[in-house]
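mind folding the following:
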Amino acid sequence: MITTQSFPIEKEIKNRSITVSQHVVEIVSDSGEGAQKAGQSFGSISAKMGNGVWTVEIIPAEIQPPARSRAGASGIRIRIGSEKVTNMGDHANLVVALNEQVLYGRIAQDAYTKDTVILLENKWALKNKEEYTTALADFNAKGFKVIEIPMEAECMKYVSDAKKGKNMWVLGMLCEIYNRDITKAEDQIREVFKKKSEKVFEDNVNLLHGGYNWAKENLDLNFEIPPPENAGDQIVMNGNEAMAMGVMAAGIEVCAMYPITPATSISHKLAECFENAGGIVHQAEDEIAAIGFAIGSSYAGKTALTVTSGPGLALKTEFIGLAVMAEVPLVIIDVQRGGPSTGLPTKVEQGDLLAALYGEAGDAPKIIIAPSTIEECFHFVIKARKLAEQFRSPVFILSDTNLATGVSPFPRPKINVESFASPIDQSTWDKNVSPFDWDPKTGISKRPIPGQKDGMYTLTGLAHDEDSKVAYEPEINQKSSEARSRKIAAVLQTLKPPVVNGDESGDLLLVGWGSTKGAIEEAVATARKSGVKVSSLHLHFLSPMEPGLEDIFKKFKKVKTVELNYSDTIGDPLITKKSRRYAQLAWLLRAHTLVDVDCYSNVFGQPINPSKVLDMIKEKLK
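Alright, predicted model coming up:
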């Protein structure tokens, strides 16, 4: 793992490439200028060359904010390394900016530091002279190294509208600076514009070479980031694409959804190829109809999937309760974003844990798992489908915006027929077996499938007995509730205690879940090198909680969660230890283990970076 450190970015010897173990690059612009497309392409090219890569999209909350606005910065961060990269890193080494104002939004988020190199579009020196000149003086005062570049003028040599091609020119420039394979870059452009005309492809390739050649002739910046040895056969995709591929690898045949940021691209990817695997994507008229369609499809025999984010989850809660009560297998992917209400549609947060666990009326136990890497986004869909069928239960997969849009390579999964769903059972049903013949030990019952001879029964969301007959007797409702809850205890019996990253005892244990894993473990590695007795633990099962936590926690003097959801800070007005509201996982762990678990969290809408976690470790243990 790459540890937090600084790397030189100024060339010491002219016309000589500097070898570094990692760099963080950003492209920032106004919305609609293609910065994300250029950055994701740059990341994909680097990953295909064998480098470790992690990308984070920078997306404003508004769909089309005003041009040249500080709050409207749109773009992408790409971290490239000689080893596996698991998070966005700390301060950027090099930034390409299509105007000077958008840089201020990133400066406010502490994205840059002294000696960050800024490659700045210089057309604004004439169009907005006063603002541009003032900004340049400000950047120089902050210690940034600004290099003005005639991007638009250069692009006009190849296309009539530079706005529709500047991103590919920038891609070419970055490919030269970082010694990227230009042939792989051409292949990437072919993939990006595969639905466009040959003329569009040729124009963009010309722009790519234009930026590459200009940088070669005019810039004294060149870095070599060697790939790791024996990386093996890797594939490159973002978390939502990995989820979509996981759906097909799991043998799921129906995805019912309603478009919602940042989850929609799962269905986009499925729509491209799901039909080839025998599946369909059903875009319903709203979130409620989408989950209703999925439950109906699952009831018919094969576990279906619905995809959503926070506001959609709120609308789906009554139907989730139906799936729990009727014990219909169902996979629910929730790509979390900032809340509450419509909140921060394009920003990351881990705010849906308690909603997924407790959002329905009454007691509605269900299984909740959370991937921590893009590779796990693929494998956890297969896991979720198997759990849903084995335990006859809805299964949540809690992803988030950081995983959804981040691009990273991982080993190519091997096709395994055991991952596929079994054929629908159409054998004759035993008349002596009830449709809810709850096992007294596990709460699990075999499920009759529509079409099975003698397997007909009435499905209901009302309280019911073993025969699915509506029943309001106190003992029946108690018994059925016990059975549904016991299934979660049965899942627990299949789990192993989580593995501690670092020593199994010490001064501080950090506990995380979801996409924070990379930043936490990088910070812990750095702290441990300086002698700090800190370890970390990452949870993948959140319902049921993984076993052995209390015993693990007792071996550390302090336990603290690291999360991307809200918690109060002791010392703020009216906030004391008694009045404090904890981060969501911390709240659950305190109840589950009766250990005084502390928390470090924020809702800035940004992925957490290693240096912030490292600062917290030092503060906690000083």
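
correct me, but residue 433 touches residue 439?
No: taking CB atoms under 8 Å as the definition, residue 433 is not a contact partner of residue 439, at 11.6 Å. C-betas here are computed from N, CA, C, even on glycine.

any idea how far residue 126 is from residue 211?
According to CB to CB, to the nearest Å, residue 211 stands 21 Å off from residue 126.

those two: who's more crowded?
Comparing residue 211 with residue 126 by other CB atoms under 10 Å, the one with more neighbours is residue 211, at 29 against 8.

which strand or helix spans the more buried one?
Residue 211 belongs to helix 198-218 when elements are defined using DSSP states H and E.

output the contacting helices and strands for the next helix-or-strand element following that helix.
Sequence order places strand 223-224 as the next helix or strand after helix 198-218, per DSSP H and E. In terms of contacts (3 or more CB pairs under 8 Å, 6 or more residues apart in numbering; DSSP states H and E), strand 223-224 is packed against strand 18-19.

try it again with 7 Å
The elements that strand 223-224 packs onto, with contact taken as 3 or more CB pairs under 7 Å, 6 or more residues apart in numbering; DSSP states H and E, do not include any helix or strand.

number the residues from 27 up from this point.
Shifting the count to begin at 27 puts that one at strand 249-250.

pairing partners for the very next helix or strand once past it, with directions?
Past strand 249-250, further along toward the C-terminus, the next helix or strand under DSSP H and E is strand 260-264. Within its sheet, and counting by DSSP bridges, strand 260-264 is paired with strand 433-437 (antiparallel).

ok, and for the partner strand, which residues are buried?
Within strand 433-437, the residues that qualify as buried are 433-436, counting by 16 or more other CB atoms under 10 Å.

and it, what's its mean pLDDT?
For strand 433-437, mean pLDDT rounds to 95.

can I get it in PDB? Just the C-alpha atoms.
Coordinates of the C-alpha atoms in strand 433-437 are reproduced here as PDB (Å, rounded to 0.1, in the frame of the first residue of the first chain):
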ATOM      1  CA  VAL A 433     -12.200   4.000 -11.400                       C
ATOM      2  CA  SER A 434      -9.700   1.400 -10.300                       C
ATOM      3  CA  PRO A 435      -8.200  -1.800 -11.700                       C
ATOM      4  CA  PHE A 436      -8.700  -5.200 -10.100                       C
ATOM      5  CA  PRO A 437      -7.900  -8.800 -11.000                       C
END
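
show me what it is in contact with.
Where contact means CB atoms under 7 Å, 6 or more residues apart in numbering, the residues beyond strand 433-437 that reach it are 66, 69-70, 73, 79-81, 111, 258-264, 400-401.

contacts for stretch 142-157?
Under the criterion CB under 7 Å, 6+ apart, residues 35, 117-127, 129, 158, 165, 170-178, 247 lie in contact with stretch 142-157.

in strands, which of those appear?
Cross-referencing the contacts of stretch 142-157 against strands under DSSP state E gives 120-123, 171-175.

can I get those in CSV with neighbour count?
Listed next are these as CSV, based on neighbours: other CB atoms under 10 Å:
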residue, neighbour count
120, 23
121, 24
122, 28
123, 25
171, 16
172, 21
173, 14
174, 16
175, 24
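
nearest to residue 205, of these?
Distance to residue 205, by CB to CB, is smallest for residue 120 among those, at 13.7 Å.

who does the closest residue in space to that closest one that isn't next to it in sequence bridge with?
The spatially closest residue to residue 120, leaving aside those adjacent along the chain, is residue 143, at 4.7 Å (CB to CB, 6 or more residues apart in numbering). Using DSSP bridges, the beta-bridge partners of residue 143 come out as residue 120, residue 171.

residue 143: neighbouring residues, count only.
With neighbours defined by other CB under 10 Å, the count for residue 143 comes to 20.

check the offset of stretch 421-437 from the chain's centre.
Relative to the chain's own centre, stretch 421-437 is displaced by 3 Å; criterion: CA atoms, centre = their mean, to the nearest Å.

give me the buried positions along it.
Applying a neighbour-count criterion of 16+ other CB under 10 Å, one finds 421-436 buried in stretch 421-437.

and which of these is nearest residue 205?
The shortest separation between residue 205 and any of the buried residues of stretch 421-437 is 18.0 Å, and it belongs to residue 435 (by CB to CB).

give me the most central residue, the chain.
Note on the chain: the residue nearest the mean C-alpha position is residue 429, at 1.4 Å, using CA atoms, centre = their mean.

report the angle between the axes of the helix holding residue 237 and strand 171-175?
Interaxial angle of helix 224-244 relative to strand 171-175 (axes from the mean of the first three to the mean of the last three CA atoms, to 10 degrees): 130 degrees.

could I get the buried residue list for helix 224-244?
Judged by neighbour count using 16+ other CB under 10 Å, the buried positions of helix 224-244 are 227, 229-238, 240-241.

name the residues that touch the helix or strand encompassing residue 308?
Under DSSP H and E, the secondary-structure element containing residue 308 is strand 306-309. Surrounding strand 306-309, the residues in contact under the criterion CB under 7 Å, 6+ apart are 280-284, 293, 296-297, 300, 319.

mind putting those residues into JSON lines with distance to residue 190, secondary structure and neighbour count?
Conversion of the contacts of strand 306-309 to JSON lines gives the following (distance: CB to CB, whole Å; DSSP: H, G, I helix; E, B strand; the rest coil; neighbours: other CB atoms under 10 Å):
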{"residue": "280", "distance to residue 190": "38", "secondary structure": "strand", "neighbour count": "21"}
{"residue": "281", "distance to residue 190": "33", "secondary structure": "strand", "neighbour count": "28"}
{"residue": "282", "distance to residue 190": "36", "secondary structure": "strand", "neighbour count": "24"}
{"residue": "283", "distance to residue 190": "31", "secondary structure": "strand", "neighbour count": "25"}
{"residue": "284", "distance to residue 190": "31", "secondary structure": "coil", "neighbour count": "23"}
{"residue": "293", "distance to residue 190": "27", "secondary structure": "helix", "neighbour count": "25"}
{"residue": "296", "distance to residue 190": "29", "secondary structure": "helix", "neighbour count": "26"}
{"residue": "297", "distance to residue 190": "25", "secondary structure": "helix", "neighbour count": "15"}
{"residue": "300", "distance to residue 190": "31", "secondary structure": "helix", "neighbour count": "20"}
{"residue": "319", "distance to residue 190": "39", "secondary structure": "helix", "neighbour count": "21"}
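
done for today, thanks.
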